[in-house]
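**Q** Here is a sequence together with a model predicted from it:
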Amino acid sequence: MPVDVEAFYRKYGLLVFSRCRDLLGDDASAEDAMQDVFVQLVRHQHRLHDTAPSSLLLRIATNVCLNRIRTRRRHPEDLDPGLLERIAAAPDEEARGVASLLLQRIFASQQESTKVMAVLHLRDGWTLEEVATETGMSVSGVRKRLRGLKAWVAELEGVVP
Amino acid sequence: MSHDQHIPDWELALYRLGELQPARASALSQRLNTDPELAARLAALDPREAELMVRVPPRVLEAAVADRVEQPAKPRRRLRRRLLFLTAEIALVALLLVLFMPPILRPDQIAEFEEHNVRSKGVDPFLRIYRKVPEGLEELSPDDPVGAGDRLQMAYSAMGCVHGAVLSVDGRGAVTLHHPTQGTLSAELQPQGTVDLPVSYVLDNAPDFERFFLVTGPEPFELTPVLEAARALAAHPGSAHQASIALPRGLDGYDFLLSKP
């Protein structure tokens, strides 16, 4: 499925920008991240086939922003990490490969980014069923994947939906 | 989705696209019926999208993405830097056009050039601009001096045209869309008579001039390329008061210049 970046941007630009703005907190960072999202979209266009563009863009945007948040966390002023920072810094294998590995997971059929699921469920308040629908996985599959982040989010479970 | 749950803008954008999951979309629809603030935020997405398309024009984003995709080894060129380069490129092209276009054009080409660019008041559609004074409204003529703080009321005579937009550029390079004030498409014009725009406009302290454009088309047109053309014009404050605006094919523009001595 060839990507017409201009057409995709005209249709989905606000969605991507809003998601990035929501996670990163300011317009300038969101605009930079938005560019990353469309670069990733083009680089992985051969894997787009049946995936709904908005759903895919939302997940790419979430991943791109998590990577940026993780980088931002390296700065010493971030002494009190919030939920997003904890998810972004989770020490599973996704934390190693930065964008490429995370995106491989997005595009490679059944492999979905656990961190994206965690953000949707824990931060955005989506139910497990809604996360499952969004990611094309079963509810039990989502639950199982989120268990991998349990150690990181357990202490937060009392304050998130 | 509980009634107290905060709905982020991206979810509203997804809903607006008709691509939110059916269950969430249904819950959101119900909530929109009882939550005017949320409904207002949904309605505000149209102008926010238009603003985004002006702030980051689609062609600029596409070019920046192409740069990075085609040359992955190249150091990353940030979007803002790309915008800066584009401005410089436009300046160079505009300079070359100013220097070399007039001798090259034949009379028939000049006619065609004018046809697709700005025409002045006559039998064509035109703008009327009034300044609010203590006694009421004072109609201004082109080139009349105005100053910061003047409140202007604009009106148009569409002369049969039914789709249009009103915008302005100023001596500081700012572009302002006056009509319509929201949405991504042109406004429907009243084809006959003189019609006041619903809102007046207070001039800021931008120097030298304020140039207004009435842009018309035979059918509804997207505002983004029109605003992009205005931004390209406004990027050159030294010539923006008189240079042609490169409107998309099929659209016509009619200007009204006010000076700010």
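**A** Thanks, I have it.
**Q** Confirm for me that B:Leu137 is in contact with B:Leu152.
**A** No: here B:Leu137 does not reach B:Leu152: they are 9.6 Å apart, not a contact under CB atoms under 8 Å. C-beta coordinates here come from the backbone N, C-alpha and C atoms, glycine included.
**Q** pLDDT weak spots in chain A?
**A** Per-residue confidence of chain A (counting by pLDDT under 70) places the weak regions at A:1-2, A:46-51, A:71-112, A:148-161.
**Q** for chain B, what are the nearby residues on it?
**A** Within chain A, the positions near chain B by CB under 8 Å from any CB of the partner chain are A:5-6, A:9-15, A:17-19, A:21-22, A:28, A:31-32, A:34-35, A:38-39, A:42-43, A:52, A:54-55, A:58, A:124-126, A:129-130, A:133-134, A:161.
**Q** Let's see which of those residues end up in helices.
**A** With helices defined by DSSP state H, the entries of the residues of chain A next to chain B inside them are A:5-6, A:9-15, A:17-19, A:21-22, A:28, A:31-32, A:34-35, A:38-39, A:42-43, A:54-55, A:58, A:129-130, A:133-134.
**Q** Enumerate the residues of the stretch 51-200 of chain B near chain A.
**A** Within the stretch 51-200 of chain B, the residues that sit near chain A (CB under 8 Å from any CB) are B:52-53, B:55-56, B:58-59, B:61-62, B:64-66, B:68-69, B:78-80.
**Q** Buried among those residues? Need that as a selection in ChimeraX.
**A** Restricted to the buried members of these, where burial is judged by 16 or more other CB atoms under 10 Å in any protein chain shown, the ChimeraX selection command reads as follows:
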select /B:52,53,56,58,61,62,64,65,68,69,79
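**Q** about what we covered before: have a look at B:Leu137 and B:Leu152 and say which one is more surrounded.
**A** Counted by other CB atoms under 10 Å in any protein chain shown, B:Leu137 and B:Leu152 do not tie: B:Leu152 has more neighbours, with 21 against 16.
**Q** Excluding chain neighbours, what is closest to the more buried one?
**A** B:Tyr201 (4.9 Å; CB to CB, 6 or more residues apart in numbering or on different chains).
**Q** Can you name the residues that contact that neighbour?
**A** Listed by CB atoms under 8 Å, 6 or more residues apart in numbering or on different chains, the contact set of B:Tyr201 reads B:Arg151, B:Leu152, B:Gln153, B:Met154, B:Ser168, B:Thr176, B:His178.
**Q** go again using 10 Å as the cut-off
**A** B:Tyr201 makes contact with B:Ile129, B:Asp150, B:Arg151, B:Leu152, B:Gln153, B:Met154, B:Val166, B:Ser168, B:Thr176, B:His178, B:Glu210, B:Phe212 under the criterion CB atoms under 10 Å, 6 or more residues apart in numbering or on different chains.
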